[in-house]
Structure formats: structure tokens, C-alpha cells
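1. Just a sequence and a predicted model for now, questions to come.
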Number of protein chains: 2
Amino acid sequence: MGSFGFKPHDHSSCISTGVSEVAKRCEAAGLQFTPVRKRVLEILLEGHRAIGAYEILDKLREEGLGSQPPVAYRALDFLVKHRFAHKIEKLNAFIACTHPGDMHAPAFLICRSCDAVEEALTAGEDGRLDKAAQETGFTIERTVLEAEGVCPNCQGKSE
Amino acid sequence: MGSFGFKPHDHSSCISTGVSEVAKRCEAAGLQFTPVRKRVLEILLEGHRAIGAYEILDKLREEGLGSQPPVAYRALDFLVKHRFAHKIEKLNAFIACTHPGDMHAPAFLICRSCDAVEEALTAGEDGRLDKAAQETGFTIERTVLEAEGVCPNCQGKSE
DNA sequence: TGATAGGTGTTATTTTATAACATATCAACC
DNA sequence: GGTTGATATGTTATAAAATAACACCTATCA
């Protein structure tokens, strides 16, 4: 049991199920779940926090899986494109999707103290923007919803 | 009349009222609305779209108001900190606030075709995240809400 | 008057991301 | 078998975005 995210949970199973879930979906969709892509997903799942592309690249380099930025960015692009991971724009960093496959608009709670990130499960689109979009005739394709604040574990800690 | 944002409107008055509104608020709050800060706000208001820090810096340089990145970033930090402008995380760019002073959680519609940005007026916090935050005991301090898509003017245009 | 705070000017560097081109792999097809 | 096209990887180089660190200036005020 680890204490990643905001709540303790069985983290090793959360990695293995995450990887196998994505493997299954790639299989079904005819996508190539190559070693680099798989390893990057594992690194993201291990962290359970937003991880920068260059931090990922360092790990890949140690393991002989690639040493130049495009290697990491391409794997991340793949994962993000297919919603197996998300980019946290606020942090210029990436995080594994905690419910791959679900149709969802990603939304995040980001702790500015410990950098933990929790993906909030959200059913549909956002009401606020939907309304504004309809009124102006704007077509929404993707949304970024990120909240920065303090997680329960960091509440009350000195800053 | 110009055609900035998604709708035509009287853009020159929108610049002058924007500047004077901020000047008033700085006065009231004891903040220094210095020449660089004022000029950066004007540049943002003129554009009515997300403008990168280095594009702003280029203008400042032409006008002899500063030539190094920190000059632009400091002014932008000031404007963002006091909510006179917002950063569009998705674009790494900045935009003037269209309703300074209102208590609001900024939310944006970003056209990926022409880069126009419209700030949606939103009354309060976002329901989706509020719920998730309450459940986990997370304290939200700031939210980023950005929707990328196609604005009415660009609908149907070849991509 | 000298101490502090906020603002500006400048150099240098760090961090994040992509362009461009070469090479490799594999399946589909003639 | 050989060719073609699509997809993935390897590599060099560079672009774009942001900040660290330090010097200096000016105003305020104890």
C-alpha cells in the first residue's frame, strides 16, 4: 500500500492494471503499444503525480530506451492523443489517466505543496463553458480544467 | 468598430476603458501602475487575443521600454497576480481581463484556427471540481478552465 | 540617515518543446 | 521477391518560454 494521490491505495496493482488496461485498448484499436510507450506509461503510473518530459527522458536514458527529447515527447504525444495520459498545462507536466477509456473531460486537483495530482471523475462537459459556447456559436473540441490548491495531506503544514 | 473576440465591437473604447478601469483600481489598492505595466496592458487589450511574452517584449523593445525577458514577465506577473490579465496555459500566452474587478473564475474559449480568445463570464466556482474537492478535502485556490475549439468566424473554413 | 520595500536594467542560464532528416520495421499488394 | 506506404525510432540542432541572480534606483518612514 502506498500513499500516492490523496488517499492510500494499492499502488502496485494500480500500475499493473493501468498498463494491462491500456494494452488491451491498444490491441482492440490496432494501436502499437511499443516498449517506449509502455515504459513511459509505467513511469507515469509509478509517480502518480505530474512528471515533466525531461524527468521521464532521464529514466528512459538510464534504461537505454532513448536519450533525446523527441523520444519522450513522441511517446507522451501518443499517450495523450489516445487519452491514456493527460498533460497538466499548469505544470507543463504529464500524468497517467486514472480511468482510461471512459468517455470523460479530464479535470484535475493539483496540490501546490506536494505536487500530487488527482484526476476528478467527471461525467460530461462543463456547464459554464457549454452555455457560453452555445451563445456565441463556438464549437468546443477539448477542455482543460485544472484547480490548484492544497491537498488534504498538506493542509496545515508550514508552507 | 473592429472584429476582435468573436463579435464586432467598439474596440478603441474597449482599450481606453480597460486601461482607465485598471488605473482606478491600482489607485484604490495602492498599486503602482507604472509605464511598462500600463503599456503591456494596452498591448494585450489591443490584441484581444492571447499574446506571447516574447511578442510583447518585441513591442516594448521597439518603444524603448525594455529589452530583456524579465521586463515583460514582471509586468505580466503583476497584471496576472492582480487579475488584470490572465495566462492561457494551453497557449503559454496572455490576455487582458475583459471584466477586471469582478469576482470571477476565469474561463476561456480558444479558437485553434485564428487564436481569438473569449473570456466567458462565469459567476462562481465550477460545480464539477467543487464536488470532487469537497469529497477529498482539497482546498481550491485557483482554477484554470480553457476550452479549445473553433469560433463562429472560423466555422466551415478550410483547415 | 540609513534601512526597507518595490521597481527596473542586465547578464546568463534553465526548462520546455519542436523541426528536420535519416533509418528501421512491417504489412499489403503487384 | 520486390516495391510501396504507413508507422515508429534515432539523432542533430534549434526554437520558445521562463527564471535566477545581481546591480542599481527611488520612495517611504522609523
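-> That came in fine, so what should we check first? Numbers count the residues shown, from 1 in each chain, chains lettered A, B, ... in the order given.
2. Stretch A:105-116 - what's its average pLDDT?
-> Averaged over stretch A:105-116, pLDDT sits at 86.
3. Next, the distance between the ends of that stretch.
-> Start-to-end span of stretch A:105-116 (C-alpha to C-alpha, to the nearest Å) is 19 Å.
4. I'd like to check what contacts stretch A:52-63. Which residues are they?
-> For stretch A:52-63, the external contacting residues (C-beta atoms under 8 Å, 6 or more residues apart in numbering or on different chains) are A:36, A:39-40, A:43-44, A:66-69, A:71-73, A:75-76, A:91-94. No exception for glycine: its C-beta is placed from N, CA and C like everyone else's.
5. Narrow those residues to those in helices?
-> Taking DSSP state H, the ones among the contacts of stretch A:52-63 that sit in helices are A:36, A:39, A:40, A:43, A:44, A:69, A:71, A:72, A:73, A:75, A:76.
6. and the two most separated of those?
-> Based on C-beta to C-beta, the longest span within these runs between A:44 and A:69 and measures 16.7 Å.
7. What does the pLDDT read for residue A:55?
-> For residue A:55, the model assigns a pLDDT of 97.
8. tell me the secondary structure for it?
-> helix (DSSP: H, G, I helix; E, B strand; the rest coil).
9. what residues does chain A put near DNA strand C?
-> Neighbours of DNA strand C within chain A, by C-beta under 7 Å from any atom of the strand: A:52, A:53, A:54, A:68, A:69, A:70, A:73, A:87, A:92, A:93.
10. For burial, what's the neighbour tally of the second one?
-> The reference is to residue A:53. 18 (other C-beta atoms under 10 Å in any protein chain shown).
11. Alongside chain B, which residues does chain A contribute?
-> For chain A, the contact set with chain B under C-beta under 8 Å from any C-beta of the partner chain comprises A:6-7, A:89-90, A:107, A:109, A:111-112, A:118, A:120-122, A:126-129, A:132-133, A:136-152, A:155.
12. Write the ChimeraX selection for whichever of the residues you listed are buried.
-> Under the burial definition 16 or more other C-beta atoms under 10 Å in any protein chain shown, those of the residues of chain A next to chain B that qualify are selected in ChimeraX by:
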select /A:6,89,90,107,109,111,118,120,122,126,128,129,132,133,138,140,143,144,145,146,147,148,149,150,151
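13. now the ones in helices among the contacts of stretch A:52-63 as JSON lines including neighbour count and pLDDT?
-> Compiled in JSON lines, these are given as follows (neighbours: other C-beta atoms under 10 Å in any protein chain shown; pLDDT from 0 to 100):
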{"residue": "A:36", "neighbour count": "17", "pLDDT": "95"}
{"residue": "A:39", "neighbour count": "18", "pLDDT": "96"}
{"residue": "A:40", "neighbour count": "30", "pLDDT": "97"}
{"residue": "A:43", "neighbour count": "21", "pLDDT": "96"}
{"residue": "A:44", "neighbour count": "26", "pLDDT": "96"}
{"residue": "A:69", "neighbour count": "11", "pLDDT": "97"}
{"residue": "A:71", "neighbour count": "18", "pLDDT": "97"}
{"residue": "A:72", "neighbour count": "26", "pLDDT": "97"}
{"residue": "A:73", "neighbour count": "15", "pLDDT": "98"}
{"residue": "A:75", "neighbour count": "28", "pLDDT": "97"}
{"residue": "A:76", "neighbour count": "22", "pLDDT": "98"}
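14. Could you tell me how far residue A:42 is located from DNA strand C?
-> From residue A:42 across to DNA strand C, the span is 19 Å (C-beta to the nearest atom of the strand, to the nearest Å).
15. Then residue A:97?
-> Distance from residue A:97 to DNA strand C, by C-beta to the nearest atom of the strand: 17 Å.
16. ranking the residues of chain A next to DNA strand C by neighbours, who comes first?
-> That'd be residue A:93 among the residues of chain A next to DNA strand C, by other C-beta under 10 Å, with 23 neighbours.
17. isn't it right next to residue A:44, touching?
-> No: judged on C-beta atoms under 8 Å, residue A:93 makes no contact with residue A:44 at a distance of 9.7 Å.
18. Quickly list what's touching both of the two.
-> Both residue A:93 and residue A:44 are contacted by residue A:51, under the criterion C-beta under 8 Å, 6+ apart.
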